[in-house]
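**Q** I would like to see how this sequence folds:
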Amino acid sequence: MSHTALVRSVEEALAGGAPVVVGSIGAPAVQVVPNGAALVLPTSGSTGSPKWVALSAANLKASAAASAARLGGSGNWLLALPTTHIAGLNVVVRAVLAGGSLTSMPPDSFTAERFSAAAAAMPPGRRYVSLVPTQLARLLAAGPIGAEALAGFEAVLVGGAAISQSLRTAAQAAGVRLVETYGMAETAGGCVYDGVLLDGVEARLERGIIELGGPTVALGYAPPDTGERFFEADGRRWFRTSDLGQWTVEGRLCPTGRIDNAITTGGETISPETVEGELASGIGLEEVLVVGLPDEHWGQTVTALVVPADGAELDFEALRAGVKRRLGPAYAPRWIGAVPGLPKVAEGKLDRAAGLDLAAGLRASGRLHKVG
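**A** Numbering: from 1, shown residues only. Alright, predicted model coming up:
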């Protein structure tokens, strides 16, 4: 569907017309669209088979209104993400609801030059864009052409994956008004900005697992979920995520990893995202993926796949030692491999299942380095 046709369909769906069904997940098409649905779309499928999520017009309008209130007002949007998932679709929805303009980038490739040209073509007024961390890193690495284009936006929303401290620092140094978002298709996209809940959103931790409630929580899955991920409590609709989290001393919500990504090694449970964050905070790495490879003695071994920065010479023993010193021996990778790139799924999220297969293949062929 062209972007022009998508905008028209979204306008009709938000006004009570036929729902918009987008994306393909390699499964039979949705047979029954839930009553009241305005948008049906797939989850990213970063850790398993994607599911279809049904969102109402009220969900989408509540999300857009809360976002605009937090950002300081509605505005014009640059579409730089695929419209097959919630982050890209939200850009369309928010532009439609705000009555602002929607400028689209060419869908075939993302470069700093194309991003800069698209940003320059936007009309005057408040300007917003949503990106994934990989795109942000690519723009900053391109030098002034990317940094200057980014600095021209009132807010650059970044989500879909964790942002490393080094990338956050680089963005701030370039004058980028960065907003780190947390949310998912089931909550109509980002509902937590920089750790602070958007207006109307509630969150709580049940045995360390994040539960999100409020008017942005979806109607449910299509077909309906039998695992009670969606539920009613305290007069609100809630969604039980698969994310672990904690509250900071400042009262900010901090996701720390997914329960289904956990690595069990030597009787200890390790969050791979914690290890990734520690490795990514250093110098010389562009991207990191941590998985657990099967091991007869340990159950699983912490294994890191790293993408070196241009010209970087990596010391694998030093990488392991740094993690061991700051997080403890159980978190320290026992296998490390350098790769030219990491597998991704929608919205730039790491494909952990493919990453595990890649790590297993590298170990089998002798191309992983055993450290420690």
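**Q** any idea which element the nearest residue to residue 198 once chain neighbours are set aside lies in?
**A** Take residue 198 and drop its neighbours on the chain: the residue closest to it by Cβ to Cβ, 6 or more residues apart in numbering is residue 66, 3.9 Å away. Where C-beta positions appear, they are placed from N, C-alpha and C, glycine not excepted. Using DSSP states H and E, residue 66 sits within helix 57-71.
**Q** just for the stretch 101-250 of the chain, where's the confidence low?
**A** For the stretch 101-250 of the chain, the stretches with pLDDT under 70 are 107, 226-227.
**Q** wait, what's in contact with the spatially most central residue of the chain?
**A** Central residue of the chain (Cα atoms, centre = their mean): residue 160, 0.7 Å from the mean position. With contacts taken as Cβ atoms under 8 Å, 6 or more residues apart in numbering, residue 160 has the following neighbours: 44, 87, 132, 133, 347, 348, 349.
**Q** Restricted to helices, list those.
**A** Under the assignment DSSP state H, the contacts of residue 160 contribute 87, 133 to helices.
**Q** sorry, back to before: residues in contact with the helix holding residue 66: which ones?
**A** 13-16, 38-39, 74, 90, 93-94, 97-98, 128, 154-155, 179, 187-191, 193, 196, 198-201, 214-219.
**Q** same check, this time on stretch 217-225
**A** Counting by Cβ under 8 Å, 6+ apart, 30-34, 36-37, 40, 51-56, 59, 185-188, 229-230, 236-239 sit against stretch 217-225.
**Q** first to last residue in it, what's the distance?
**A** Start-to-end span of stretch 217-225 (Cα to Cα, to the nearest Å) is 14 Å.
**Q** Also stretch 34-50?
**A** First residue to last in stretch 34-50 (Cα to Cα) measures 18 Å.
**Q** what do you get for stretch 260-270?
**A** For stretch 260-270, the end-to-end distance is 11 Å (Cα to Cα).
**Q** if I look at residue 128, how far off is residue 300?
**A** With distances taken as Cβ to Cβ, to the nearest Å, residue 128 is found 41 Å from residue 300.
**Q** circling back to that earlier point, who's in contact with the helix or strand that the helix holding residue 66 is followed by?
**A** Toward the C-terminus, helix 57-71 is succeeded by strand 76-79 as the next helix or strand (DSSP H and E). Strand 76-79 has contacts (Cβ under 8 Å, 6+ apart) with 3, 88, 91-92, 94-95, 100-105, 118-119, 122-123, 125-130, 153.
**Q** Swap in 10 Å and give it another go.
**A** Identification of contacts with strand 76-79 by Cβ atoms under 10 Å, 6 or more residues apart in numbering yields 3, 6-7, 88-96, 98, 100-105, 107, 115, 118-119, 121-131, 149, 153-154, 156-157.
**Q** and if you look at stretch 249-260?
**A** For stretch 249-260, contacts defined as Cβ under 10 Å, 6+ apart pick out 46-48, 162, 182, 191-192, 194-197, 201, 203-205, 207-210, 212, 241-248, 263, 269-277, 290, 352.
**Q** try 7 Å this time
**A** Under the criterion Cβ atoms under 7 Å, 6 or more residues apart in numbering, residues 47, 182, 192, 195-197, 203, 209-210, 242-248, 271-274 lie in contact with stretch 249-260.
**Q** Show the buried residues in those residues.
**A** For these, a neighbour count by 16 or more other Cβ atoms under 10 Å gives the buried set as 47, 182, 192, 195, 197, 203, 210, 243-245, 271-274.
**Q** Kindly present these as TSV, with separate columns for distance to residue 141.
**A** What follows is the buried ones among the contacts of stretch 249-260, written out as TSV (distance: Cβ to Cβ, whole Å):
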residue	distance to residue 141
47	28
182	25
192	27
195	26
197	32
203	34
210	32
243	29
244	31
245	30
271	28
272	25
273	23
274	25
